[in-house]
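Student: Provided below are the primary sequence and the corresponding predicted coordinates.
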Amino acid sequence: MFFSIIIPVYNRPYEVSELLQSLCCQTYSKFEVIIVEDGSLEGCEEVVSEYQDKLTVHYFYQNNTGQGFARNFGMDQAKGDYFVFFDSDCVIPEDYLENLAEAVRSRGLHAHGGPDKAAEGFSAFQKAINFSMTSFWTTGGIRGKVADPKKYQARGYNMGMSQKVYAAIGGFIDPNKGEDIELSIRIKKYGFNLELVKEAYVYHKRRNDFISFLRQSYSFGQNRVNVNRFHPGAIQAVHLMPVLFLLGFLTVVFSSLIYAPLFAVGASVYGLWTFGVLWSSTIGNRSLKVGFLSILTSYGQLLAYGAGLVCGVLKK
């Protein structure tokens, strides 16, 4: 099996070197790398050139179209029989392709998605973001932890599909609005086998500050509404949890001004949830600092996602 690894990049040359370096260490050698510079003002061509002797790597520049269409461009240039997509802020474990090749062969996969993790060397804030994006205590708990791997909806930072799937149904049809989830649903509707491959995880080195993380979470909520436009039913009960969290939080805030008994009940519920986040993150990350930061990122993720989904529905 020959893999084509497709990486869209937009103004992040400093991330590409670390990603390419991790690909140099792969235990599976049958792959090429395709870098698609998506209209960047701060390009990474010089960084890519440093790896020409270490990897089979191809660099392309195009006017900005969005990461979904950049991935389509990369697939059009690819020579592999299976395409793998990474975001530029990922670092890839050395056995990733070996694990993926085995899963594709043994499980008869046409497409896959993989989870993300925080590496030991990540900053405390990066680990806190990772907690809020992957934890049982937030909607992140559905990422990479589904009981049935066939029910997983792949995310663009770590997913892939065969050349056969691309030829049959095409690629991404929206540039930056939940295009990865839309494609996952479409792949399954066409009868192809897409599953979660837990062993094919990446270290997702998110470089958000808190404000950009809120904006990203807000856009995720809106994106779910956009996906529902293509696939009615894409908004499920679990996606309404952030909306209920937002409404409950606002109820607690306003009840503090007008009705003390309701405030006491609500504050107790949110207090227990906050303690659960603190305890779980502190134990999991072995850091009280990460635990407290996880309270901030978990509140931010749920409130912003809920607001994005509500605003998306109202706009539609």
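Tutor: Yes, it's here.

Student: what's the neighbour count on residue 58?
Tutor: For residue 58, the neighbour count with other CB atoms under 10 Å is 17. Quick note: C-beta positions are derived from backbone N, CA and C, even for glycine.

Student: my reading is that it lies in a helix. Confirm?
Tutor: No: applying DSSP: H, G, I helix; E, B strand; the rest coil, one finds residue 58 to be strand, outside a helix.

Student: quick one: the helices in the stretch 51-200 of the chain, in order.
Tutor: 67-77, 96-107, 124-134, 163-169, 179-189 (DSSP state H, counting those that start in this stretch).

Student: out of the ones you listed, deepest packed?
Tutor: Among those, helix 124-134 has the highest mean neighbour count (mean count of other CB atoms under 10 Å), at a mean of 24.

Student: roughly how far is it from the heart of the chain?
Tutor: Put simply, helix 124-134 sits 13 Å off its chain's centre (CA atoms, centre = their mean, to the nearest Å).

Student: quick one: mean pLDDT for that helix?
Tutor: The predicted model gives helix 124-134 an average pLDDT of 94.

Student: list the helices and strands that helix packs on?
Tutor: strand 116-117, helix 260-285, helix 288-315 (3 or more CB pairs under 8 Å, 6 or more residues apart in numbering; DSSP states H and E).

Student: how about the ones you listed in CSV, adding mean neighbour count and distance to residue 180?
Tutor: Formatted as CSV, those follow (neighbours: other CB atoms under 10 Å; distance: least, CB to CB, whole Å):
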stretch, mean neighbour count, distance to residue 180
strand 116-117, 18, 13
helix 260-285, 15, 26
helix 288-315, 20, 16
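
Student: need those in JSON lines with distance to residue 241 and mean pLDDT, can you?
Tutor: Converted to JSON lines, these look like this (distance: least, CB to CB, whole Å; pLDDT from 0 to 100):
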{"stretch": "strand 116-117", "distance to residue 241": "20", "mean pLDDT": "92"}
{"stretch": "helix 260-285", "distance to residue 241": "12", "mean pLDDT": "96"}
{"stretch": "helix 288-315", "distance to residue 241": "8", "mean pLDDT": "96"}
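
Student: quick one: which of the ones you listed is nearest residue 227?
Tutor: Minimum separation from residue 227 across the helices and strands packed on helix 124-134 (CB to CB) falls at helix 288-315, 10.1 Å.

Student: circling back: and residue 307, which of the helices of the stretch 51-200 of the chain is closest to it?
Tutor: It's helix 124-134; of the helices of the stretch 51-200 of the chain, that one is closest to residue 307 (CB to CB) at 15.5 Å.

Student: contacts for the closest one, please.
Tutor: Residues outside helix 124-134 that contact it (CB atoms under 8 Å, 6 or more residues apart in numbering): 115-118, 122, 138, 140-141, 143-145, 204-208, 210, 213, 277, 280-281, 284-285, 287, 289-290, 293-294, 296-298, 300-301.

Student: recalculate using a threshold of 7 Å.
Tutor: 116-118, 138, 140, 143-144, 204-206, 208, 213, 281, 284-285, 287, 289-290, 293-294, 297-298, 301 (CB atoms under 7 Å, 6 or more residues apart in numbering).

Student: again, but for stretch 61-73
Tutor: With CB under 7 Å, 6+ apart as the criterion, stretch 61-73 contacts 6, 8, 36-39, 60, 85, 156, 171-172, 174-176, 179.

Student: show me the domain layout of the protein.
Tutor: Here the domain parsing of the chain from automatic domain parsing is 3-114+152-207, 220-315.

Student: how far away is residue 134 from residue 245?
Tutor: Going from residue 134 to residue 245 by CB to CB, to the nearest Å gives 17 Å.

Student: just put the helices and strands packed on helix 124-134 in CSV and tack on distance to residue 152.
Tutor: Formatted as CSV, the helices and strands packed on helix 124-134 follow (distance: least, CB to CB, whole Å):
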stretch, distance to residue 152
strand 116-117, 13
helix 260-285, 22
helix 288-315, 19
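
Student: for residue 165, which of these is the nearest?
Tutor: When those are ranked by proximity to residue 165 (CB to CB), strand 116-117 comes first, at 22.3 Å.

Student: list the helices and strands the closest one packs on?
Tutor: strand 202-204 (3 or more CB pairs under 7 Å, 6 or more residues apart in numbering; DSSP states H and E).
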